[in-house]
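Novice: One predicted model, sequence on top.
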2 protein chains.
Amino acid sequence: MKYDLLIAHINKIVRLTKVEEEELCRYFQPMSIAKKAYLLQQGEICKFEGFVLNGCFRTFTLDKKGNENTLFFATKDWWLMDIDSFMNNKPSELNIQALEDSKLLIISQTDKEKLYEAIPSAEKLFRIMFQKSVVAWQRRLVRNQSLSAKERYQHFTSKYPEIASKLTDRQTSSYLGITHEFLSKIKREC
Amino acid sequence: MKYDLLIAHINKIVRLTKVEEEELCRYFQPMSIAKKAYLLQQGEICKFEGFVLNGCFRTFTLDKKGNENTLFFATKDWWLMDIDSFMNNKPSELNIQALEDSKLLIISQTDKEKLYEAIPSAEKLFRIMFQKSVVAWQRRLVRNQSLSAKERYQHFTSKYPEIASKLTDRQTSSYLGITHEFLSKIKREC
DNA sequence: CGCGACGTTGATTTGCCTCAACGATTGTGG
DNA sequence: CCACAATCGTTGAGGCAAATCAACGTCGCG
């Protein structure tokens, strides 16, 4: 079984041989999840790393005041996991919820290790992916510190229009770091 | 020439053979930089990746209003670079300044590529380092969204007392995302 | 149908910013 | 080594962006 979407995604980053491509796919299992179901809940250990085939997910924390902080959304072509929990085998502080009926490919911790050993390019692949991720997080931090709520909202909706259109205002506001009431007021002025 | 501090740091993450350790060190060059000098200025291409031997650095951006946003500080044992500029060979948006007379080991882009080819474990090493980095950035985002300025200040000074003690209030406040006047008022109440 | 989650709006509050002034500290050139 | 400038930390007055709280109509779902 070859997962074309996964292979196409990987080929944008590293070159694999046909044999490696097939071997790599063997480590992944397809799975489906229903709208509103949780792929991971805080307190659980994240035993998987996921690659989204379709649908949409939201990853968030709950702080002591009960507020949700959305770390990121994931749609087709995105990776999904709690890195800290996955790599250190410790209870997660994150929740990952499907916002729609979704499909993804998952790989377990032990299979991930086997993958790294079986296919050396996999180390490079994920090294580059994590590098890009760090850059994205740095940019997000700077935006949060230097832009107003309205500017952040406009940036988000123009950069990720497909994702933004799937979200409720409450989900959007928890990503932007503002209240949903205030988001409503921002939207009114434009 | 073997750089003990670098090797000790790497050994906490991956195992290298003695031969690999020596080969790895050969790719790094020691360099010194004076207090207040810039290791990188925005607009330049980041041609190095650095490992700090001693001293202290600050990495920050300047937004259009002229405000500085400090991304991170780096002391002994930390890595230092603009990942985006380094990996994509494009002009940097970051400034890296030495806060004290400092020493570091640097490796060029081409040598970094050679290193990855010569020592396969290097891919794993940096893959793991970047993974940890993503986790740290995620945590920072959540703190910024869910904690008050005072709580962020207390978290920072208690988690990084050695770094915090070296900084001016203005540097600290640009890391916390507040004005230096407000930081002064926070300090007064405790 | 009825309930719960949602988006909206207004009144009020608050955390933090802006601007301006001041003394203290640091650095620098003569 | 001193004088001066620059940068710093502090403080206060005032202002603004965003939070809080509460009320209300709407919608989708069971």
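Specialist: In hand now; what should we look at? In this text, all values refer to a predicted model and were calculated from it rather than measured experimentally.

Novice: in the helix or strand that residue A:173 is a member of, what counts as buried?
Specialist: Per DSSP states H and E: residue A:173 is located in helix A:169-176. Residues A:171, A:172, A:173, A:174, A:175, A:176 are the ones in helix A:169-176 that count as buried (16 or more other CB atoms under 10 Å in any protein chain shown). All C-beta spots, glycine's among them, are computed from the backbone N, C-alpha and C.

Novice: who touches it?
Specialist: Defining contact as CB atoms under 8 Å, 6 or more residues apart in numbering or on different chains, one finds that helix A:169-176 is touched by A:58, A:60, A:67-70, A:72-73, A:99, A:149, A:152-153, A:156, A:164, A:167, A:179-180, A:182-184, A:187.

Novice: Output that helix as CSV, nothing but the C-alphas.
Specialist: C-alpha atoms of helix A:169-176 as CSV (Å, rounded to 0.1, in the frame of the first residue of the first chain):
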residue,chain,number,x,y,z
ASP,A,169,-15.3,32.4,16.3
ARG,A,170,-14.4,30.8,19.6
GLN,A,171,-11.8,28.6,18.0
THR,A,172,-10.3,31.4,16.1
SER,A,173,-10.2,33.7,19.1
SER,A,174,-8.4,31.0,21.2
TYR,A,175,-5.8,30.8,18.5
LEU,A,176,-5.3,34.6,18.3
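
Novice: Show the subsequent helix or strand relative to that helix.
Specialist: Using DSSP H and E, the helix or strand that follows helix A:169-176 towards the C-terminus is helix A:180-188.

Novice: which helices and strands does that following helix pack with?
Specialist: Under the contact definition 3 or more CB pairs under 8 Å, 6 or more residues apart in numbering or on different chains; DSSP states H and E, helix A:180-188 sits against helix A:149-159, helix A:169-176.

Novice: Would you reformat these as a markdown table and include distance to residue A:121 and mean pLDDT?
Specialist: Output for the helices and strands packed on helix A:180-188, formatted as a markdown table (distance: least, CB to CB, whole Å; pLDDT from 0 to 100):
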| stretch | distance to residue A:121 | mean pLDDT |
| --- | --- | --- |
| helix A:149-159 | 30 | 97 |
| helix A:169-176 | 33 | 98 |
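
Novice: in chain A, which spans are helices?
Specialist: Assigned by DSSP state H, the helices in chain A fall at A:4-11, A:18-26, A:83-88, A:109-118, A:121-146, A:149-159, A:161-166, A:169-176, A:180-188.
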